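> I would like the atomic coordinates for the input below:
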Amino acid sequence: QVQLAESGGGLVQAGGSLRLSCAASGRTASSYHMGWFRQAPGKEREFVAVISWSAGGTYYADSVKGRFTISRDNAKNTVYLQMNSLKPEDTAVYYCAAGKMWTARTSGYDYWGQGTQVTVSS
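The predicted structure is shown next:
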């Protein structure tokens, strides 16, 4: 079992930055690929970024490439999402997820956090 808890969301103006954190607990948490997803009101949950269990690989959605950076610290069992140059369309609830598959599909993840709200004002 892996438990995930996101933090760091909030209200920010367009062009600003936020850093989200996802704390993982469980003996095998560091062996999972970790992804960030987001869900805006009335829309499906969508992929944002993923990082491999060893932090040797990352992959981003085109909509955030060049603005967001995913990283992890396995010693702290924590995954981060640094979000720069935020836009109003980035407004959503952001979720972290853990899975054994290297995928951008929500179905490929076994564990999910409760989410943290990010609101970007124009």
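> Which residues are in contact with the spatially most central residue of the chain?
Nearest residue to the geometric centre of the chain (C-alpha atoms, centre = their mean): W36, 2.4 Å. When contacts are counted by C-beta atoms under 8 Å, 6 or more residues apart in numbering, W36 touches L20, C22, V48, A49, V50, I70, V79, L81, Y94, Y95, C96, A97. Placement of C-beta: from N, CA and C, glycine included.
> So which of the residues you listed belong to strands?
Among these, DSSP state E puts L20, C22, V48, A49, V50, I70, V79, L81, Y94, Y95, C96, A97 in strands.
> quick check, S30 in a strand?
No: the assignment for S30, made by DSSP: H, G, I helix; E, B strand; the rest coil, is helix rather than a strand.
> Please report the distance of it from L11.
As defined by C-beta to C-beta, to the nearest Å, S30 lies at a distance of 32 Å from L11.
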